[in-house]
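Visitor: just a sequence and a predicted model for now, questions to come.
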Amino acid sequence: MSGPASSSSSSSSSSSSSMTSNSGPWTSMMSTTPSSNSTCGMTGMNGTTMMYCPSFTCNYTDCYTMYTSQNTTLCADGVCLCQLIKQTDMCYTVGCSLSCADSCVNASQTNCSVSCCNSTGCLNSSFASMMMNTTTVMPTTSTTPTMKTTILPTTADKGNKCHIGSCTGTDCYTTFQTAQTCTSSQPHCQLKKETEGSGLKWTAGCTTNCSYQTPCKVSTLPPCHLECCNATMTSCLRLNGTLNVPNFSTRGPHLNTELVASLFCLLAITLLL
């Protein structure tokens with residue numbers, strides 16, 4: 001099933017016009033465009049002419065594999081051409097043909113003939129060229145790793161809350177029920193005691209830092225803090241009249257005025273002895 005058949009002496013057929021194509025991703029392929037009176041590739045036992053040609057549609061990267069794995073098809077009587085057509089940039093079709101389509105002359109052209117010939121197996125070089133360009137020209141893909149950024153939540157993102165309110169009276173703060181959401185710069189809740197006229201004023205809410213404020217002990221005069229605590233998802237203020245302040249280790253050293261005076265007295269007595 002290979003090799004061109006001889007024509008009769010009375011009709012001297014000739015092959016003409018060499019075609020160069022830059023279609024598809026490959027650089028170039030040479031093919032011969034037969035004349036309209038070309039003979040078919042083989043002559044059968046009964047004198048009829050026979051032409052065998054592959055018949056399929058393929059993606060450019062798969063064309064060579066399909067060409068080498070599929071059997072050829074016997075063309076109909078009088079159909080003496082085998083043609084490879086570029087339908088789109090990457091889609092190709094091959095099969096028997098009565099005539100040759102316009103040759104592909106540039107890479108962007110479509111619906112054109114990549115190769116058109118008149119002998120069984122005459123498309124070997126065209127498909128071989130496609131295979132070579134598939135292995136050398138097709139771009140490789142690479143994956144760039146992405147960095148995952150983790151953002152730690154701030155106090156505001158956590159939604160920490162404190163009771164908020166202001167009132168005048170001995171223990172009016174016990175009625176505070178409304179809570180406010182603290183910002184990232186307000187990590188503490190406070191209940192502050194002050195004097196206003198002849199009465200006591202109480203203020204509750206979020207604050208920047210109350211850990212170093214004077215706690216409201218029994219003998220302490222206002223202003224002072226009855227409560228100072230770390231803000232949480234629910235208000236840490238007790239609002240029950242009990243002292244709720246950081247302990248000594250949290251607040252740092254805190255010496256009241258009476259203790260300092262006593263120390264100075266002891267020092268003075270020691271110096272006089």
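Guide: Cool, the structure landed. This one's a predicted model, so the numbers in the text were calculated from it and none came from an experiment.

Visitor: run a quick neighbour tally on Thr214.
Guide: A count of neighbours around Thr214, defined by other C-beta atoms under 10 Å, yields 15. For the C-beta atoms, the positions are set from N, CA and C on the backbone; glycine is no exception.

Visitor: for Phe176, see how far away it is.
Guide: Here the distance between Thr214 and Phe176 works out to 21 Å (C-beta to C-beta, to the nearest Å).

Visitor: over to Ser198?
Guide: The value you get for Ser198 to Phe176, if C-beta to C-beta is used, is 22 Å.

Visitor: of these two, who's got more company?
Guide: Between Ser198 and Phe176, counting by other C-beta under 10 Å, Phe176 is the more crowded of the two (21 against 5).

Visitor: my read: the more buried one touches Gly169, true?
Guide: No. Counting by C-beta atoms under 8 Å, Phe176 stays clear of Gly169, with 11.9 Å between them.

Visitor: residue boundaries of the helices in the chain?
Guide: For the chain, helices defined by DSSP state H occupy the ranges 63-69, 124-137, 155-158, 248-251, 257-272.

Visitor: what's the nearest residue to Tyr60 if we skip its chain neighbours?
Guide: Nearest non-adjacent residue to Tyr60, counting by C-beta to C-beta, 6 or more residues apart in numbering: Met90, 4.7 Å away.

Visitor: and that neighbour, its phi and psi?
Guide: Met90 adopts backbone torsions of phi -120, psi 0, taken as degrees, to the nearest 10.

Visitor: circling back to that earlier point, which one of the helices of the chain has the lowest average pLDDT?
Guide: Between the helices of the chain, the one with the least mean pLDDT is helix 248-251; it has a mean of 39.

Visitor: just for the stretch 101-250 of the chain, where's the confidence low?
Guide: 134-157, 248-250 (pLDDT under 70).

Visitor: sorry, back to before: thought the residue nearest to Tyr60 was touching Asn59?
Guide: Yes. Met90 is within contact range of Asn59, at 5.6 Å (criterion: C-beta under 8 Å).

Visitor: ok, the two, which is more surrounded?
Guide: The neighbour count for Met90 versus Asn59, taken as other C-beta under 10 Å, is higher for Met90 (14 against 11).

Visitor: got a pLDDT number for that one?
Guide: On pLDDT, Met90 comes in at 89.

Visitor: for the one 4 residues further on, same thing?
Guide: According to the prediction, Val94 has pLDDT 92.

Visitor: how about the nearest residue to it, chain neighbours excluded?
Guide: Excluding the flanking residues, the one nearest Val94 by C-beta to C-beta, 6+ apart is Leu84, at 4.7 Å.

Visitor: residues near that neighbour, how many?
Guide: Here the number of neighbours of Leu84 (other C-beta under 10 Å) works out to 29.

Visitor: that one contacts Ser113, correct?
Guide: Yes. Using C-beta under 8 Å, Leu84 makes contact with Ser113 at a distance of 7.1 Å.

Visitor: what residues are up against Asn111?
Guide: Asn111 sits next to Ile85, Lys86, Gln87, Ala101 when contact means C-beta atoms under 8 Å, 6 or more residues apart in numbering.

Visitor: measure the nearest residue in space to Ala179 that is not next to it in sequence to Gly169 for me?
Guide: Nearest residue to Ala179, sequence neighbours excluded (C-beta to C-beta, 6+ apart): Lys161, at 4.3 Å. The gap separating Lys161 from Gly169 is 24 Å, by C-beta to C-beta.

Visitor: can you check Cys53 too?
Guide: Noted for Cys53: a distance of 105 Å to Gly169, by C-beta to C-beta.

Visitor: now Gln177
Guide: Separation of Gln177 from Gly169 (C-beta to C-beta): 16 Å.

Visitor: can you list the domains in the protein?
Guide: 15-136, 155-272 (automatic domain parsing).

Visitor: most tightly packed of the ones you listed?
Guide: Among the domains of the chain, ranked by average contacts under mean count of other C-beta atoms under 10 Å, first place goes to domain 15-136 (a mean of 17).

Visitor: what ranges do the strands span in the stretch 51-200 of the chain?
Guide: 52-53, 56-59, 73-74, 81-86, 91-97, 112-117, 161-163, 165-168, 179-181, 188-196, 199-207 (DSSP state E, counting those that start in this stretch).
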